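Colleague: for reference, the sequence and a predicted model appear below.
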Amino acid sequence: MEMAEKLISEGKSYVDDTPREQMQKERMDGIESVNRNNSVEQNMALWKEMVAGTERGKQCCLRGKLDMQAANKSLRDPVYYRCNPISHHRVGSKYKVYPTYDFACPYVDSIEGVTHALRSSEYHDRNEQYYLVLQDMGLRKVHVWDFSRLNFVYTLLSKRKLQWFVDNGKVEGWDDPRFPTVQGIIRRGLTVEALKQFILSQGASKNLNLMEWDKLWTMNKKIIDPTCPRHTAVFQEGRVLLCLTNGPQEPFVRIAPRHKKYEGAGKKATTYTQEIWLDGADAAAVSEGEEVTLMDWGNAIIKHVEKDKNGTIIHLSGVLHLEGSVKTTKLKLTWLPNISELVNLSLVELDHLITKKKLEETDDFLEVLNPCTRWESLAIGDANMRNLKRGEILQLERKGYFRCDVPYLRPSKPIVLIAIPDGRKQSVLKRPSS
């Protein structure tokens with residue numbers, strides 16, 4: 001506020017009580033306010049009213065005295081301070097006046113030692129104002145560096161529009177994994193390192209860019225794949241038991257790495273049983289007499305396929321053929337042992353909030369809302385997943401990458417895993433039919 005009073009005393013700013021709509025019209029038409037040439041004493045008296053938050057003060061604002069005839073309309077006496085007596089969430093009722101961006105940004109940048117202010121290109125027309133305000137303040141010049149905003153397809157970046165989703169309960173909050181906020185995309189499984197690499201790869205371009213998400217998620221996959229642990233899941237719906245008649249009469253356990261090429265991922269325990277669970281889609285793909293590979297176990301030969309009256313496979317039987325070569329089989333199947341220690345999973349897939357690739361200025365985003373942006377698939381997972389921590393990234397074999405959003409709490413409450421896009425593969429989680 002000392003700087004505001006300095007500008008008033010030097011005749012470089014004045015207090016104006018012109019109604020807002022009239023002020024906007026006068027600025028557009030280049031008409032000077034009737035208060036523009038008030039004396040320093042008059043301005044200082046009204047400023048004190050603003051600082052005190054009186055009724056008279058609430059009618060006023062502090063404006064810079066720049067150039068009302070400038071072609072660049074941001075120079076036409078911008079507002080520096082407004083009176084707002086409402087209690088602030090941090091400082092309470094200590095202050096009744098608050099600076100605008102036009103006043104605060106150049107002031108703070110200069111006194112805090114900023115040499116180059118990086119601003120997105122939509123503020124380019126205000127650069128001249130930024131420099132002139134600094135000049136009137138008598139502060140060190142800061143160089144403004146423009147760069148283009150990074151826009152993504154099917155994505156809203158306007159805080160006002162995103163606020164609508166929060167206020168109307170369409171999302172869980174500002175960290176919702178469907179949101180383009182930093183917290184949101186990290187909750188969806190993006191790593192900070194991938195975000196850094198992506199931003200550095202773009203550079204400080206001044207060209208307007210409309211980016212696909214695929215490149216970012218492809219970078220992310222290259223970072224998480226070499227280290228994230230591997231686990232196994234089978235969808236609840238349509239799962240089928242395969243009985244291996246020569247399988248182990250008593251279950252036995254083997255300790256294996258969670259990632260075959262990265263010891264740092266730790267170990268996991270795999271239980272081998274005579275009966276194992278397969279995904280319904282895998283069961284439907286096998287035929288009697290076919291030799292298949294059970295991943296991380298060996299080969300098996302399907303001897304009998306049992307179907308119900310609708311032709312849906314409900315049970316399989318077969319024999320282990322561990323001496324068989326995995327190179328000769330067409331199907332490589334993930335499986336889970338039929339044991340009580342398996343955990344319940346909720347696999348969550350997400351989609352864009354809007355259905356239009358690029359939203360134009362004239363578009364109403366409410367008309368292009370995506371009716372289905374989140375759906376879940378229930379599954380069962382290996383018992384080792386009880387130890388997952390919130391935020392941990394893993395790969396479910398043949399199903400993709402996931403981030404643990406809600407870890408194991410109790411048997412009745414599923415572990416929630418959010419699917420991480422990989423930039424290429426279509427999700428295995430089926431979208432519900434409309």
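Modeller: Noted; the coordinates are in hand.

Colleague: low pLDDT regions in the stretch 301-434 of the chain?
Modeller: Applying pLDDT under 70 to the stretch 301-434 of the chain flags residues 425, 433-434.

Colleague: now the strands: where do they sit in it?
Modeller: 313-320, 332-333, 336-337, 343-350, 374-381, 393-396, 400-406, 415-420 (DSSP state E, counting those that start in this stretch).

Colleague: residues making contact with the first one?
Modeller: Yep, that's strand 313-320 we're talking about. 240-247, 278, 280, 283-284, 286, 297-308 (C-beta atoms under 8 Å, 6 or more residues apart in numbering). Every C-beta, even on glycine, is put in place using the N, C-alpha and C of the backbone.

Colleague: and Lys356, how many residues sit next to it?
Modeller: 15 (other C-beta atoms under 10 Å).

Colleague: in space, what's closest to it - neighbours in sequence excluded?
Modeller: Of all residues not flanking Lys356 in the chain, Val368 sits nearest, at 4.3 Å (C-beta to C-beta, 6 or more residues apart in numbering).

Colleague: among the strands of the stretch 301-434 of the chain, which is nearest Asn127?
Modeller: With C-beta to C-beta as the criterion, Asn127 lies closest to strand 343-350 of those, at 38.5 Å.

Colleague: just the buried ones out of the contacts of strand 313-320, please.
Modeller: Neighbour-count burial (16 or more other C-beta atoms under 10 Å) is assigned, among the contacts of strand 313-320, to 240, 242-244, 247, 278, 280, 283-284, 286, 297, 299-300, 302, 305.

Colleague: contacts for the top helix by length along the chain?
Modeller: Of all segments of type helix in the chain, defined using DSSP state H, the longest is helix 40-52. With contact meaning C-beta under 8 Å, 6+ apart, helix 40-52 is reached by 1, 4-5, 8-9, 11, 13-15, 17, 56-58, 60-62, 81, 83, 96-97.

Colleague: right, and the helix or strand after it?
Modeller: helix 55-58 (DSSP states H and E).

Colleague: so for the helix or strand that that next one is followed by, what gets flagged as buried?
Modeller: Using DSSP H and E, the helix or strand that follows helix 55-58 towards the C-terminus is strand 61-64. Within strand 61-64, the residues that count as buried by 16+ other C-beta under 10 Å are 61-64.

Colleague: just the residues contacting strand 61-64, thanks.
Modeller: Outside strand 61-64, the residues that touch it by C-beta under 8 Å, 6+ apart are 4, 7-8, 12-17, 33, 47, 50, 77-83, 97, 102-103, 133, 136.

Colleague: ok, of these, which come out buried?
Modeller: 4, 7-8, 12-17, 33, 47, 50, 77-83, 97, 102-103, 133, 136.

Colleague: pull the number of nearby residues for the closest residue to Ser87 other than its chain neighbours.
Modeller: Leaving aside its sequence neighbours, Ser87 sits nearest to Ser93 (C-beta to C-beta, 6+ apart; 5.1 Å). Using other C-beta under 10 Å, Ser93 has 10 neighbouring residues.

Colleague: helices and strands around the helix or strand harbouring Leu200, which ones?
Modeller: In the assignment (DSSP H and E), Leu200 maps to helix 192-202. Helices and strands touching helix 192-202, by 3 or more C-beta pairs under 8 Å, 6 or more residues apart in numbering; DSSP states H and E, are helix 182-187, helix 214-224.

Colleague: can you give me the end-to-end distance of stretch 55-75?
Modeller: 29 Å (C-alpha to C-alpha, to the nearest Å).

Colleague: so which bits of that stretch are buried?
Modeller: Neighbour-count burial for stretch 55-75 [16+ other C-beta under 10 Å]: 57-66, 68, 74-75.
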